[in-house]
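K.L.:
Got a predicted structure plus its sequence, pasted below:
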Amino acid sequence: MNCIKKKIGNYQFTIYTYLDRLNFPFSEEAVLPEKTLIPITIVMKDIVAGRKKWITLSEKGWKRGIPEDLAIFYQTYNQVLQKNEMVSKHINQYYQKGKETFAYFPYSTDQFFLHYSQDTSIVYLYGKEESVYRIIFDFLTINAPFLPLHASGVGVGEKAGILVSESGCGKTSILIKLLQNKACFLADDSVFTNEEKVFRVSDQLSIRKEFPNDPKIKKIIQSHKEDKVGINIKKEAPYLGFSLSHSAYEKQNFFILQKEERKWEGIKQSIEPFPCLNHHSFWCMNYVVKDHKKAWVTRLLQDSCGFWEEKLKQGYPIYVNFNHLDQTRQEIENILTKGDYHEKIVGD
């Protein structure tokens, strides 16, 4: 196997892979020096081997359940934010034996398996190249000098537009419209950001089959059976006529809403209370936080709510009418290129 070492944030990743190389989408500018480095070893195998191992688990005494770290996170999450989220309702599956966990992430765009233990810093990953990036995102979500944010993003000139919304509000639809108008692709689902800049972290565009508004995209995905299809923008950029970003941008936050009457309260309701890729990132909490996990998650959630309150005051809403997406695209482009924000800033 090939050995690849990569320092990202405050992690030192050592990746053993069957692939000849890994095409990391991370901008080098996002690799920031940290005093404390957490060593993580990822041993990568193909997904066929993962399926075979998954099938034999029940014969070896493994039982389906919820890992302790995820249970702690969801319990704290529900208490702090007065929610009623249940990890058991999600599609991920976890099997345990002692301190070991074998997990199945059955996403249509990126299926993979994980095998890890609370006693070691070794993670066995069964999946494709993109799965490695997903695992790295999970670790960076837990503890990083820059923030993994669930959002779409484009580069226009020297600025980036970060599109934040709940599912179904139109992030990807607006993103495609912007890409058709020669904006640079930053992200469809996740970006890394610090106080001033935003960085491209993935080449994937996830498209629901029922709504593509680009005939070339429709041609790519029409043969797929899944409801949601992943397109590698870096690979398909010449065919699609899209541009791929390659560096850091100054950022401006947009909060996407479908109904204007929701306004300030609507924005607060529409965004995720925790600004991460997804809550399942916390499967790897044990690698960062050994003790007092409940107190650590409480503080993290409170800090996150404060983060959103501050961002809401700095950003502004864009109200989406799906029958007039070109108008929405033009509005975003005008703001990014002219910098004329004063009439649209959200206030208290």
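P.N.:
Sure, I can see it. Residues are numbered from 1 along each chain as shown.

K.L.:
And for stretch 223-238, what's in contact with it?
P.N.:
Stretch 223-238 is touched from outside by 23, 25, 108-110, 130, 185, 203-210, 217, 220-221, 240, 242-244, with contacts defined as Cβ atoms under 8 Å, 6 or more residues apart in numbering. (Glycine included, C-beta is placed from N, CA and C.)

K.L.:
Could you measure from the spatially most distant residue from the centre of the chain over to Lys197?
P.N.:
Within the chain, Glu59 marks the point farthest from the mean C-alpha position, 34.5 Å out by Cα atoms, centre = their mean. Note on Glu59: its distance to Lys197, by Cβ to Cβ, to the nearest Å, is 50 Å.

K.L.:
go on, Lys177?
P.N.:
Lys177 is 24 Å from Lys197, by Cβ to Cβ.

K.L.:
Name the residue in the two with the higher neighbour count.
P.N.:
Ranked by neighbour count (other Cβ atoms under 10 Å), Lys177 and Lys197 place Lys177 first, with 22 against 17.

K.L.:
Now name the helix or strand holding that one.
P.N.:
Element membership for Lys177, per DSSP states H and E: helix 171-180.

K.L.:
C-alpha coordinates for the helix or strand just after that helix, CSV please?
P.N.:
Proceeding N to C from helix 171-180, the next assigned helix or strand is strand 184-187, under DSSP H and E. Written as CSV, here are the backbone C-alpha positions of strand 184-187 (Å, rounded to 0.1, in the frame of the first residue of the first chain):
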residue,chain,number,x,y,z
CYS,A,184,-16.1,29.5,-10.1
PHE,A,185,-17.2,26.4,-8.2
LEU,A,186,-16.3,26.4,-4.5
ALA,A,187,-18.7,23.9,-3.0
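
K.L.:
Which strands border the helix or strand just after strand 184-187, and is each parallel or antiparallel?
P.N.:
Per DSSP H and E, the first helix or strand lying C-terminal to strand 184-187 is strand 190-193. Applying DSSP bridges, strand 190-193 is found paired with strand 147-150 (antiparallel), strand 197-199 (antiparallel).

K.L.:
Please list the residues outside the helix or strand following the first one that contact it.
P.N.:
Elements were assigned by DSSP H and E; along the chain past strand 147-150, the next helix or strand is strand 152-156. Counting by Cβ under 8 Å, 6+ apart, strand 152-156 makes contact with 160-163, 171-172, 174-175, 178-179, 183-189, 191, 198, 200, 245, 249, 251, 332-333, 336-337, all of which sit outside it.

K.L.:
which of the strands paired with strand 190-193 has the lowest average pLDDT?
P.N.:
Mean pLDDT is lowest for strand 147-150 out of these, coming in at a mean of 78.

K.L.:
Alpha carbons of that one, as CSV, please.
P.N.:
C-alpha atoms of strand 147-150 as CSV (Å, rounded to 0.1, in the frame of the first residue of the first chain):
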residue,chain,number,x,y,z
LEU,A,147,-14.7,26.0,10.4
PRO,A,148,-16.3,23.3,8.2
LEU,A,149,-19.6,24.9,7.1
HIS,A,150,-22.6,23.2,5.6
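
K.L.:
Need the winner for burial among the strands paired with strand 190-193.
P.N.:
strand 197-199 (a mean of 24; mean count of other Cβ atoms under 10 Å).

K.L.:
circling back: now that we have the contacts of strand 152-156, which of them are buried?
P.N.:
160-163, 171-172, 174-175, 178-179, 183-189, 191, 198, 200, 245, 249, 251, 332-333, 336 (16 or more other Cβ atoms under 10 Å).

K.L.:
With distance to His280 added, can I get the strands paired with strand 190-193 in JSON lines?
P.N.:
Shown next, in JSON lines, are these (distance: least, Cβ to Cβ, whole Å):
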{"stretch": "strand 147-150", "distance to His280": "12"}
{"stretch": "strand 197-199", "distance to His280": "22"}
